[in-house]
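Undergrad: the following comprises the amino acid sequence and a computationally predicted model.
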Amino acid sequence: MIIWLSATVLVLIIIQFYWSRRHLYAAAAKMKGPKGLPILGNALAFFCRSEDILDRIKFIFEYIDNEPSRVWLGPYLLISLKNPVLLEVKKTEIHIKNWLLIVVWNFQKIMSSQKFAYKHELYVFLEKFAGDGLISASGLKPNYKVHRRIIQPMFDLKFVTKAMPIIHGHINICMKKFSELVHKDFFDVEKIIGLCSIDIIADIVMGKKANLQQKGNTGFCKVKELLNIGFTRMVKVWLHPDFIYNWHPLKREQDDSLASVKGFIKEAIGDSKVRRKLDKSDDEFVPVVDTFCKFSDENPDIFTEEDLVNHLVTLLSASEDTFSIISSFTLLCFGMYPDYQNKAYEEIKTVIGEENRELSVEDIYKLTYLDMCIKDVMRLFPIAPVILRRTIEDYQLDKWVIPKGAAIAVPIFFLHRDPEFWDNPEHFHPDHFLPDVAQKRHPYAFMPFSAGPRGCIGKTLANMEIKMFLVNFLQRFEVEAEGKVPDIKLKTDISVRAKDGYNCRLKLRKIQ
Ligand code: HEM
């Protein structure tokens with residue numbers, strides 16, 4: 001009797017579950033997409049080693065053409081919008097006002113619309129350690145917008161300009177490390193740049209001297225590990241239920257990494273309290289942690305102690321290795337395509353000269369060819385291969401319905417290599433960004449920093465760091481690498497990376 005009753009209850013629960021989601025199934029049935037299994041959908045594609053996840057994402061998305069297409073990740077419906085025109089939905093509104101018929105072309109852009117500025121439920125696995133930090137916050141709670149409005153201006157050009165001498169100091173140390181490796185065998189440049197990247201972020205965001213370039217990697221704080229664990233959990237649906245995950249070795253790793261990160265942050269907050277008691281002139285650089293702590297002290301209701309920690313975890317994770325990954329990929333590309341490297345160097349020689357000196361914002365803005373090179377690197381190797389937005393109401397998109405509760409998946413990696421928008425999609429080809437060529441391209445065909453209200457707040461800082469690094473590097477060294485871009489094997493955790501490292505060989509530049 002009890003078995004019969006339990007079975008009936010279970011069946012009723014399953015029916016109720018499917019019935020409540022019928023609008024998702026109806027919408028998905030009208031879309032193309034890879035075949036999946038009942039319940040699991042396409043989730044088993046990710047039953048693989050972590051380093052093969054990008055290949056599996058590629059495998060799934062290669063099925064997908066320019067129409068909205070569906071992928072089921074267990075119970076989650078992801079709708080891929082690969083066509084940038086669909087990311088910018090044209091909707092006609094007709095109003096009758098004072099007997100006049102007014103037709104309004106309302107360009108409701110998915111990427112730039114507040115209506116689509118909500119992160120999908122899958123980000124909850126990042127929220128587990130970064131709480132309502134900007135990257136993981138769904139955006140549904142009112143404090144998201146308030147916090148974004150407070151934090152975004154903290155990374156403006158004024159902040160970056162003041163940070164430039166500090167960044168320059170760390171890059172100088174990095175150059176000394178590179179000069180020890182000149183004319184040696186191939187080595188992974190990211191191992192050197194990565195430490196410089198952490199030294200910079202520890203200094204300008206956390207107000208701490210990590211000195212990893214001098215001391216070597218001493219474990220620092222395990223923020224990268226945390227992000228990777230969160231990402232693994234996002235894509236592997238069998239790790240979603242807490243009762244399974246809590247027994248998995250990743251949970252212990254997560255607890256251990258979180259303790260290390262929070263310990264580091266608490267220390268930085270303590271140091272900040274001491275530092276803020278000292279008098280400072282207005283021109284002096286103020287690390288982000290001090291601005292945060294001051295704001296939190298003055299507005300404890302808006303910016304609680306918990307918010308403070310969550311935002312610092314987020315900023316550390318967003319900035320710890322983004323600079324080093326893009327700079328390393330750029331060196332790899334320059335090594336593989338020496339003509340472009342020479343052209344970038346010639347521009348630096350003309351604009352800045354051959355002398356190593358502190359750079360100004362104006363210097364950096366004049367380096368238009370270098371800018372084109374970096375953009376093409378970010379096209380080929382976007383940090384985030386796919387981003388997910390949540391739909392909060394049914395949305396009619398041409399003949400399709402994007403149902404409430406589905407995720408809009410924006411496959412940035414695939415947009416960036418779509419032959420419809422790029423002449424030479426699989427190769428490093430800075431001419432993709434010649435002004436007259438770029439002008440003709442759809443703006444959403446290139447989104448390395450995402451776009452709109454959930455776009456990256458660290459864009460100016462990242463661009464400046466990368467360019468400062470490359471100017472200093474190219475003034476001193478020539479880089480060589482084997483193969484061409486299609487030979488670089490890629491993987492992704494939270495960021496796209498080179499599977500086999502960024503192996504380059506250095507020569508001292510001959511100054512003519
Ligand atoms: C080359 C370097 C960088 C790239 C390519 C990059 C790219 C991105 C992308 C694609 C997103 C959207 C993520 C999503 O929607 O899931 C994002 C968001 C974000 N980035 Fe960056 N980022 C870079 C550097 C930085 C740096 C240095 C910082 C810190 C200062 C930073 C802070 C953030 C934050 C806080 C968000 C979340 C914004 C929000 O949702 O309100 N990023 N970034």
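TA: Arrived safely, thanks for sending.
Undergrad: what's the neighbour count on whatever residue of the stretch 101-250 of the chain ends up closest to the ligand?
TA: Nearest to the ligand, among the residues of the stretch 101-250 of the chain, is Leu134, at 3.8 Å (C-beta to the nearest ligand atom). C-betas here are computed from N, CA, C, even on glycine. Per other C-beta atoms under 10 Å, the neighbour tally for Leu134 reads 21.
Undergrad: same deal with the one 4 residues further on?
TA: Counted by other C-beta under 10 Å, the residues lying close to Ser138 total 17.
Undergrad: find the nearest non-adjacent residue to it, please.
TA: Leaving out its chain neighbours, the residue that sits closest to Ser138 by C-beta to C-beta, 6 or more residues apart in numbering is Lys119, at 5.0 Å.
Undergrad: what does the stretch 51-200 of the chain have sitting close to the ligand?
TA: In this structure, the stretch 51-200 of the chain approaches the ligand at residues 134-135, 148, 155, judged by C-beta under 6 Å from any ligand atom.
Undergrad: in the stretch 1-150 of the chain, where is pLDDT below threshold?
TA: Counting by pLDDT under 70, the low-confidence segments of the stretch 1-150 of the chain come to 63-65, 85-109.
Undergrad: if we use 50, what do you get?
TA: When residues are selected by pLDDT under 50, those of the stretch 1-150 of the chain lie in 90-95, 97-108.
Undergrad: show me where it has helices.
TA: Taking DSSP state H, counting those that start in this stretch, the helices of the stretch 1-150 of the chain run over residues 2-20, 22-29, 53-61, 124-130, 143-151.
Undergrad: what's the most buried one of those?
TA: helix 124-130 (a mean of 21; mean count of other C-beta atoms under 10 Å).
Undergrad: and that one, what does it pack against?
TA: Contacts defined by 3 or more C-beta pairs under 8 Å, 6 or more residues apart in numbering; DSSP states H and E place helix 124-130 against helix 223-235, helix 249-276, helix 305-319.
Undergrad: Ser296: which of those helices is closest?
TA: helix 305-319 (4.9 Å; C-beta to C-beta).
Undergrad: buried set for stretch 354-372?
TA: Buried residues in stretch 354-372, counted by 16 or more other C-beta atoms under 10 Å: 359, 363-364, 367, 369-372.
Undergrad: repeat for stretch 244-262
TA: Neighbour counts using 16+ other C-beta under 10 Å place 245, 248, 250-251, 254, 257-258, 260-261 of stretch 244-262 among the buried residues.
Undergrad: could the residues of the stretch 51-200 of the chain next to the ligand be laid out in CSV, adding distance to Leu40?
TA: Shown next, in CSV, are those (distance: C-beta to C-beta, whole Å):
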residue, distance to Leu40
Leu134, 32
Ile135, 27
Arg148, 36
Phe155, 41
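Undergrad: for the residues you listed, work out which two are farthest apart.
TA: Farthest apart among those by C-beta to C-beta are Ile135 and Phe155. That separation is 13.8 Å.
Undergrad: can you name the residue of this protein nearest the ligand?
TA: In the chain, the residue that lies nearest the ligand is Gly458 (2.2 Å; C-beta to the nearest ligand atom).
Undergrad: picking up where we left off before, in helices only, show me the buried residues of stretch 354-372.
TA: Residues of the buried residues of stretch 354-372 located in helices (DSSP state H): 363-364, 369-372.
Undergrad: and the nearest residue to Ile204 once chain neighbours are set aside, what is it in contact with?
TA: Leaving aside its chain neighbours, Ile204 sits nearest to Ala163 (4.7 Å; criterion: C-beta to C-beta, 6+ apart). The neighbours of Ala163, taking C-beta atoms under 8 Å, 6 or more residues apart in numbering as the test, are 204, 285, 461.
Undergrad: 10 Å - rerun?
TA: 155, 200, 203-205, 285-288, 461, 464-465 (C-beta atoms under 10 Å, 6 or more residues apart in numbering).
Undergrad: export the residues you listed to a markdown table and tack on neighbour count and secondary structure?
TA: Shown next, in a markdown table, are these (neighbours: other C-beta atoms under 10 Å; DSSP: H, G, I helix; E, B strand; the rest coil):
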| residue | neighbour count | secondary structure |
| --- | --- | --- |
| Phe155 | 22 | helix |
| Ile200 | 28 | helix |
| Asp203 | 20 | helix |
| Ile204 | 25 | helix |
| Val205 | 24 | coil |
| Phe285 | 16 | coil |
| Val286 | 19 | coil |
| Pro287 | 22 | coil |
| Val288 | 23 | helix |
| Leu461 | 24 | helix |
| Met464 | 21 | helix |
| Glu465 | 28 | helix |
